[in-house]
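**Q** Here is my input, please return the structure:
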Amino acid sequence: MRVWVGLFLALSISAAHAEGSWRITKDHWSAEDERGFSQFVQAIGETNCSSSESCLRDPANPYRATDQHFLDIDVDCAKWPYLLRAYYAWKNGLPFSYVDSIATGGDDRHGRGNRPAGRQELIDRGDGINGARAVREVIDTVFSGTYRTDAADSHGIKSDFYSPAIQPGSIRPGTVIYDTNGHVGIVYKTDEDGRIYYMDAHPDFTISRSVYGAQFGQSPARLGGGLKNWRPQQLKGAHADAAGHLIGGHIVLADNDQIEDYSLVQYTGMDTDPARDAKKPRFVFNGEQLGFYEWVRVMMSDGRTIYSPVYELKVTMRTLCNDLKDRAQFVDQAISKNVQNEPHPSRLPENIYDAGGDWETYATPARDSRLRAEVAQFYRTMDEIIGLWVHRDPRIVYDGYDLKDDLLKSYDEQSASCDLTYLNSSKRPVAMNLRDVMQRVYAISFDPYDCIELRWGASGAERDTCTDSEKKLRWYEAEQRLRNDPARMTAVAYDVDDLERSKNGSDPPPPVDVRALIENMPYQVPLEAMKPVGR
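**A** Residues are numbered from 1 along each chain as shown. You can find the predicted model right below:
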């Protein structure tokens with residue numbers, strides 16, 4: 001598939017675009033162009049590239065030989081989707097415009113919702129557009145607040161995105177995923193079982209891959225979180241020169257009601273009862289109410305989702321292992337810079353998930369929050385799957401003889417194969433496996449001023465080598481409720497006294513010990529439960 005995609009895309013490169021000039025030859029993105037963009041994103045996503053630079057230089061990018069003046073591009077999560085979209089438009093003669101300013105209604109760019117306040121159009125005035133410079137200007141302009149716009153609104157200056165129906169074909173490689181707490185991913189693959197795979201970039205400019213789930217929290221429409229597609233745009237009023245280049249004109253974006261698969265269902269749910277609380281949308285399939293993420297997966301599988309318990313466990317644990325190893329690199333970077341040896345600031349940043357300086361570079365609150373959400377969702381998913389198996393639900397596919405033993409064996413194998421090692425403060429290696437980290441997921445510290453032992457949630461003898469002062473240890477203990485909380489609290493610049501007095505956060509946190517859950521399941525389905533469950 002990857003070779004075919006690369007060949008398909010390579011055939012679309014023209015000599016004009018290979019020279020670096022952005023010459024617009026099409027007045028809109030056709031269905032074929034959108035498919036080409038999806039194939040381009042998928043080809044890159046299925047590589048092992050780990051930065052925007054390595055991704056653009058990878059053989060999966062058929063345009064890499066045309067980039068003599070477009071190298072060493074570093075992006076964070078918000079800029080990564082725009083880089084891919086603008087780059088593809090440049091290389092394929094497509095029109096492009098983007099929101100270049102927003103109104104927040106306050107000083108916090110991640111306030112209660114943003115409104116597009118300006119739009120930059122890339123128009124060829126006759127000499128071509130400097131493609132490399134134009135793409136750099138795009139990624140220098142956009143940030144995570146650019147995504148935080150009302151999904152129901154398309155008046156005035158329109159957002160670059162619209163809310164799509166949750167269905168195969170609408171959610172595709174190139175679809176963007178926005179977490180309203182300031183993180184962005186881009187879908188690179190979906191599968192027949194309804195899984196959505198995404199890439200995301202990070203403040204250290206690394207790129208990782210994972211599977212969509214609870215790590216991207218639900219959002220009201222006014223904040224625009226969730227799954228977003230690029231809004232259709234068309235160049236109007238241009239004229240063609242002798243070579244077929246479109247000169248002049250202006251770009252018009254489609255209204256929501258002009259987009260065939262526009263839908264707010266991911267925000268509103270499927271309940272039309274006006275008496276029901278709109279803040280608690282219901283997601284239903286074939287008359288059965290589902291959790292939001294389960295519903296997304298069922299819809300993305302076109303209603304054909306089945307659950308193979310052992311396979312589900314293995315896939316999820318491999319994804320968690322990849323995410324933990326990405327985190328390990330990030331933590332090691334902070335330790336190598338000796339941030340843990342610096343005095344702790346007197347206050348936390350006002351927004352610990354979106355701050356500048358050393359905090360943005362070396363802290364891991366957002367990454368750790370997503371990890372906690374993934375682990376908690378893993379527990380909930382396995383709990384649901386075990387419940388479905390107990391009640392002989394036809395969605396469960398298992399042809400073995402002892403599901404409990406098979407799950408325990410697979411759990412232990414996956415845990416042991418995910419080996420994680422860190423050097424403690426005495427420079428001695430400490431070995432962990434996946435279960436070790438999952439069990440201490442609420443103890444691992446996001447604070448870069450903590451010792452390495454606390455960054456990995458050590459306790460008991462493992463923690464004895466930590467050399468943090470009593471003041472720093474007080475900070476660590478005071479931050480526990482923030483670590484417990486599955487949601488993210490922003491716009492509060494805590495000092496340590498504030499934290500100790502605060503009732504924010506969660507106590508106790510959601511359960512995460514999946515192995516204990518499996519150990520407590522029955523070996524066999526009770527006879528009284530052996531009855532078919534209709535859908």
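**Q** ok, longest helix in this protein?
**A** Ranked by residue count and defined by DSSP state H, the top helix of the chain is helix 309-336.
**Q** Run through the neighbouring helices and strands of that helix.
**A** Applying 3 or more CB pairs under 8 Å, 6 or more residues apart in numbering; DSSP states H and E, we find helix 309-336 packed against strand 207-211, helix 357-362, helix 365-390, helix 403-417, strand 420-423, helix 434-439, helix 452-455. Heads up, the C-betas are built off the backbone N, CA and C, glycines and all.
**Q** can you rerun that using 6 Å?
**A** Judged by 3 or more CB pairs under 6 Å, 6 or more residues apart in numbering; DSSP states H and E, the packing partners of helix 309-336 are strand 207-211, helix 365-390, helix 403-417.
**Q** Would you reformat those as JSON lines and include mean pLDDT and distance to residue 460?
**A** Below are the helices and strands packed on helix 309-336 laid out as JSON lines (pLDDT from 0 to 100; distance: least, CB to CB, whole Å):
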{"stretch": "strand 207-211", "mean pLDDT": "91", "distance to residue 460": "31"}
{"stretch": "helix 365-390", "mean pLDDT": "92", "distance to residue 460": "21"}
{"stretch": "helix 403-417", "mean pLDDT": "96", "distance to residue 460": "20"}
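**Q** Residue 429: which of the ones you listed is closest?
**A** For those, proximity to residue 429 was assessed by CB to CB; helix 403-417 is nearest, at 16.7 Å.
**Q** where does the stretch 1-150 of the chain have low pLDDT?
**A** Along the stretch 1-150 of the chain, segments meeting pLDDT under 70 span 1-19, 69, 71, 105-112.
**Q** try the stretch 251-400 of the chain
**A** Within the stretch 251-400 of the chain, the ranges that satisfy pLDDT under 70 run 271-279.
**Q** Give me the pLDDT for the residue positioned nearest the centre of the chain.
**A** The centre of the chain sits closest to residue 185, judged by CA atoms, centre = their mean, with a distance of 3.7 Å. For residue 185, the model assigns a pLDDT of 96.
**Q** same thing with residue 503?
**A** At residue 503, the model reports a pLDDT of 67.
**Q** neighbours around residue 251, how many?
**A** By other CB atoms under 10 Å, 21 other residues sit near residue 251.
**Q** any idea which helix or strand carries it?
**A** Assigned by DSSP states H and E, residue 251 belongs to strand 250-253.
**Q** With residue 508 instead?
**A** Judged by DSSP H and E, residue 508 forms part of no helix or strand.
**Q** That one: how many residues sit nearby?
**A** Neighbourhood size, residue 508 [other CB under 10 Å]: 7.
**Q** just the one 10 residues further on next, same as before
**A** A total of 21 residues lie near residue 518 under the criterion other CB under 10 Å.
**Q** any idea how far it is from residue 393?
**A** Distance from residue 518 to residue 393, counting by CB to CB, to the nearest Å: 18 Å.
**Q** Turn the helices and strands packed on helix 309-336 into a markdown table, including mean neighbour count.
**A** Output for the helices and strands packed on helix 309-336, formatted as a markdown table (neighbours: other CB atoms under 10 Å):
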| stretch | mean neighbour count |
| --- | --- |
| strand 207-211 | 21 |
| helix 365-390 | 21 |
| helix 403-417 | 17 |
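**Q** out of these, which comes closest to residue 479?
**A** Among the helices and strands packed on helix 309-336, the nearest to residue 479 by CB to CB is helix 365-390 (9.5 Å).
**Q** just the angle between the closest one and helix 309-336, please?
**A** For helix 365-390 against helix 309-336, the angle by axes from the mean of the first three to the mean of the last three CA atoms, to 10 degrees is 170 degrees.
**Q** Tell me the predicted confidence for the closest residue in space to residue 445 that isn't next to it in sequence.
**A** Closest residue to residue 445 apart from its sequence neighbours, by CB to CB, 6 or more residues apart in numbering: residue 454 at 4.4 Å. We have a pLDDT of 98 for residue 454.
**Q** wait, is residue 518 part of a strand?
**A** No. According to DSSP: H, G, I helix; E, B strand; the rest coil, residue 518 belongs to no strand; its state is helix.
**Q** From residue 308, how far out is it?
**A** According to CB to CB, residue 518 stands 15 Å off from residue 308.
**Q** domains of the protein?
**A** Domain assignment for the chain, taken from automatic domain parsing, gives 2-268, 309-517.
**Q** Tell me how far the longest one lies from the chain's centre.
**A** A distance of 15 Å separates the C-alpha centroid of domain 2-268 from that of its chain, computed with CA atoms, centre = their mean, to the nearest Å.
**Q** buried set for the helix or strand residue 99 falls within?
**A** If you go by DSSP H and E, residue 99 is part of strand 96-103. Buried residues in strand 96-103, defined by neighbour count with 16 or more other CB atoms under 10 Å: 96, 97, 98, 99, 100, 102.
**Q** Adjacent strands (with direction) for it?
**A** Here strand 96-103 is paired, per DSSP bridges, with strand 115-122 (antiparallel).
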